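A.B. asks: quick one, structure for this:
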Amino acid sequence: MQRTQRGWTAAILGLVAVLAAIITPLVYRATWSDAIFPGVSIGSVDVGGMTPAAAERALRSAGYDPDLVVEARAADETWPVPSEAMRLDLDASVDAAFGIGRSGIRPAQIIEMSRLRLQPERLAPVIHFDADATARWLEEQVSFFDRTSANATLVIQGTEVVAEDAIEGRRLRASEALEILEDVAARAVWPPGDIVLPVEPLIPTVRDNRAASARARTMLSAPIELRAFNQEWTLTPEALAPLLITTAVNETFHLQVAEDGFGRLMEGVTEAVSRTAKSPRFHFDDEAEELVVAHPGETGRTVN
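C.D. replies: Next up is the predicted model:
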């Protein structure tokens with residue numbers, strides 16, 4: 001008799017346990033029928049126990065703004081990333097949170113609800129990324145951002161020195177930029193923070209014309225007075241300018257004077273200044289019994 005009673009007691013307790021295991025999740029589910037189950041968070045926001053509408057408001061208040069304009073920086077320019085390329089889907093984020101413990105077969109739902117009470121679950125916000133739309137947008141940016149490099153120039157026009165500074169070019173590395181934006185979306189952090197796109201500088205080969213242009217301007221700023229012995233000549237800017245040669249060597253411009261042309265310009269000076277050396281002439285003075293200078297010698301000279 002005692003054994004039969006113990007058997008009935010065990011059966012009743014087992015039935016109660018089974019009913020509790022079935023009824024408790026049903027009561028729990030009914031309690032939160034219109035709300036996200038406790039223990040669920042989206043990003044840094046705990047949305048457990050909230051209705052989807054309340055969860056969306058809480059996310060917006062915490063900075064999860066789907067209307068936020070994401071910006072990417074390239075060199076000294078900042079561009080808004082279009083929403084068709086990358087955007088936060090707040091509805092999908094809340095729907096995913098609401099679906100925790102409600103998807104799959106009933107035993108799986110019961111297990112999920114039980115787990116949430118012991119181990120909270122954090123979901124990442126849903127960020128949509130369209131690689132094709134992003135690639136098209138990057139191509140548009142390249143069309144106005146990229147520029148070729150230009151070497152410095154130095155030209156003598158008449159007596160005017162025309163110098164243009166070098167221009168450094170740049171190129172947006174679009175394929176790497178696409179990967180960076182895709183990684184940003186995959187991290188599922190909102191706002192995504194500072195996004196820096198890779199830019200390759202294009203360095204010109206000839207960059208320095210300052211020293212040569214300053215020297216040319218000085219030489220052509222006024223007539224040059226030439227003096228040799230008791231002779232004087234004037235070299236005008238108009239005569240000198242055609243003789244100036246600008247040459248780019250490595251990264252720098254050099255200024256030279258054409259030797260042949262300058263030689264022809266200096267022919268009159270050379271003729272006036274140059275003279276051939278003459279040896280002195282002597283005769284013998286019989287009375288004095290010594291050599292006497294008849295004609296003194298002359299030192300030769302030439303213009304180098």
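A.B. asks: so the nearest residue to I195 once chain neighbours are set aside, which state does it fall into?
C.D. replies: Spatial nearest neighbour of I195, excluding adjacent residues (Cβ to Cβ, 6 or more residues apart in numbering): A72 at 4.3 Å. All C-beta atoms are positioned from the backbone trio N, CA, C, and that covers glycine. What DSSP: H, G, I helix; E, B strand; the rest coil gives for A72 is strand.
A.B. asks: was I right about A72 contacting V81?
C.D. replies: Yes - between A72 and V81 a contact is recorded at 5.5 Å, counting by Cβ atoms under 8 Å.
A.B. asks: overlap of the contact sets of those two?
C.D. replies: By Cβ atoms under 8 Å, 6 or more residues apart in numbering, A72 and V81 have these common neighbours: 181, 195.
A.B. asks: identify the bridge partners of the residue nearest to I195.
C.D. replies: Beta-bridge pairing of A72 under DSSP bridges involves W79, I195.
A.B. asks: got the contact list for it?
C.D. replies: 78-79, 81, 177, 181, 195-197.
A.B. asks: of the residues you listed, grab the buried ones for PyMOL.
C.D. replies: Command for PyMOL that selects the buried part of the contacts of A72, burial taken from 16 or more other Cβ atoms under 10 Å:
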select buried, resi 79+81+177+181+195+197
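A.B. asks: mind putting the contacts of A72 into CSV with pLDDT and distance to L255?
C.D. replies: As requested, those are exported to CSV (pLDDT from 0 to 100; distance: Cβ to Cβ, whole Å):
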residue, pLDDT, distance to L255
T78, 96, 42
W79, 97, 43
V81, 97, 50
A177, 97, 43
L181, 97, 49
I195, 97, 47
V196, 97, 42
L197, 97, 42
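A.B. asks: for the contacts of A72, which one is nearest V161?
C.D. replies: Relative to V161, the closest of the contacts of A72 is T78; by Cβ to Cβ it sits at 39.0 Å.
A.B. asks: ok, that closest one - contacts?
C.D. replies: Contact analysis of T78 by Cβ under 8 Å, 6+ apart lists 71-72.
A.B. asks: in which helix or strand does R227 reside?
C.D. replies: Using DSSP states H and E, R227 sits in strand 224-228.
A.B. asks: kindly export the next helix or strand after that strand (C-alpha atoms) in PDB.
C.D. replies: Per DSSP H and E, the first helix or strand lying C-terminal to strand 224-228 is strand 231-235. Extracted in PDB, the C-alpha atoms of strand 231-235 (Å, rounded to 0.1, in the frame of the first residue of the first chain):
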ATOM      1  CA  GLN A 231      86.600 100.400 -71.200                       C
ATOM      2  CA  GLU A 232      82.900 100.300 -70.300                       C
ATOM      3  CA  TRP A 233      80.000  98.400 -72.000                       C
ATOM      4  CA  THR A 234      76.300  98.000 -71.200                       C
ATOM      5  CA  LEU A 235      74.600  94.600 -71.500                       C
END
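A.B. asks: buried residues of strand 231-235, list them for me.
C.D. replies: 233, 235.
A.B. asks: who does it pair up with?
C.D. replies: Strand 231-235 is paired, per DSSP bridges, with strand 224-228 (antiparallel).
A.B. asks: how far away from the center of its chain is the strand it pairs with?
C.D. replies: 54 Å (Cα atoms, centre = their mean, to the nearest Å).
A.B. asks: list the buried residues in that strand.
C.D. replies: So, applying 16+ other Cβ under 10 Å, strand 224-228 has no buried residues.
A.B. asks: export that strand as CSV, just CAs?
C.D. replies: Output of strand 224-228 as CSV, limited to C-alpha atoms (Å, rounded to 0.1, in the frame of the first residue of the first chain):
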residue,chain,number,x,y,z
ILE,A,224,74.5,95.1,-66.6
GLU,A,225,77.5,97.4,-66.7
LEU,A,226,80.8,95.8,-67.8
ARG,A,227,84.1,97.4,-67.1
ALA,A,228,87.6,96.3,-68.1
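A.B. asks: what's the distance between A35 and F229?
C.D. replies: Distance, A35 to F229, by Cβ to Cβ, to the nearest Å: 110 Å.
A.B. asks: who's more crowded, those two?
C.D. replies: A35 (17 against 8; other Cβ atoms under 10 Å).
A.B. asks: where does that one land in three-state SS?
C.D. replies: coil.
A.B. asks: list the contacts for it?
C.D. replies: With contacts defined as Cβ under 8 Å, 6+ apart, the neighbours of A35 are 49-51.
A.B. asks: name the nearest residue to Q119, ignoring sequence neighbours.
C.D. replies: Nearest residue to Q119, sequence neighbours excluded (Cβ to Cβ, 6+ apart): G39, at 7.5 Å.
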